[in-house]
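A.B. asks: Sequence and predicted structure below; questions after.
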Amino acid sequence: MKKQRYIDKKKNLYNQNIDELNVKMDKLLNFFEHKIAFDSFKEQQIDKLHSELQEYKNNLIAKINRPFINGLIYLYDDLDKILNRIENENNEEFSEKSIKIIKNIFEDIRILLEENGIIPYNELSENFNPTRQQVAKKILTKDKNLVGKVANSIRPGFELDNIVIRKEKVAVYVLEK
């Protein structure tokens, strides 16, 4: 009998120790689950901050380069105007060598722009698109069906990663009064 009580006492003590261990294990498990969730959240925050910083950096570079890019685009346009004027007027003031040099510079600028992701574009739609086109010339018409339609493209637009840097310059029909 004493032996049985002793065994029962030891079993109870043993069960208490097991219960205490289970409680401590549950607390430890909860702590680790919380820690893993917190670390996961922290990692997501770091990734988010890194991507925001990268976007800010890219936008900053774009803002810094914007005047340079616009200058190249204006130079591109000016050289195109000069070449068109020379070809249309049969201007004999320019030698073939001069014309070739101007064409080479014009082509070099086009290549430089394209290598930096700046692509010229012309809208395909016949309707005027104010988000991608700018009216450079108005052509009077009495035909109401032509009003708001693009007569022709005067200068190409330019975009970088689907963001318009400079709108296409177009001639648009307007109603004659």
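C.D. replies: Nice, I can see it.

A.B. asks: Test of understanding: give the bridge partners of L140.
C.D. replies: Taking DSSP bridges as the rule, L140 bridges to V174.

A.B. asks: Which elements pack onto the helix or strand of the chain with the lowest mean pLDDT?
C.D. replies: Ranking every helix and strand in the chain by mean pLDDT, DSSP states H and E puts helix 2-89 at the bottom, with a mean of 85. Identification of packing neighbours for helix 2-89 by 3 or more C-beta pairs under 8 Å, 6 or more residues apart in numbering; DSSP states H and E yields helix 96-115, strand 118-121, strand 157-160, strand 163-166. Every C-beta, even on glycine, is put in place using the N, C-alpha and C of the backbone.

A.B. asks: Comparing those, which comes out most buried?
C.D. replies: Between the helices and strands packed on helix 2-89, strand 157-160 has the highest mean count of neighbours, a mean of 20, where neighbours are mean count of other C-beta atoms under 10 Å.

A.B. asks: partners of that strand in the sheet?
C.D. replies: strand 118-121 (antiparallel), strand 163-166 (antiparallel).

A.B. asks: can you put the helices and strands packed on helix 2-89 in TSV and add mean pLDDT and distance to I82?
C.D. replies: Listed next are the helices and strands packed on helix 2-89 as TSV, based on pLDDT from 0 to 100; distance: least, C-beta to C-beta, whole Å:
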stretch	mean pLDDT	distance to I82
helix 96-115	90	6
strand 118-121	92	17
strand 157-160	92	19
strand 163-166	90	19
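
A.B. asks: Out of those, the one nearest K11 is which?
C.D. replies: In terms of C-beta to C-beta, the element of those nearest to K11 is strand 163-166, at 76.2 Å.

A.B. asks: Please could you give me each C-alpha atom of the closest one, formatted as CSV?
C.D. replies: Extracted in CSV, the C-alpha atoms of strand 163-166 (Å, rounded to 0.1, in the frame of the first residue of the first chain):
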residue,chain,number,x,y,z
ILE,A,163,5.3,57.8,-70.4
VAL,A,164,4.9,60.7,-72.8
ILE,A,165,7.9,63.0,-72.7
ARG,A,166,6.8,65.2,-75.5
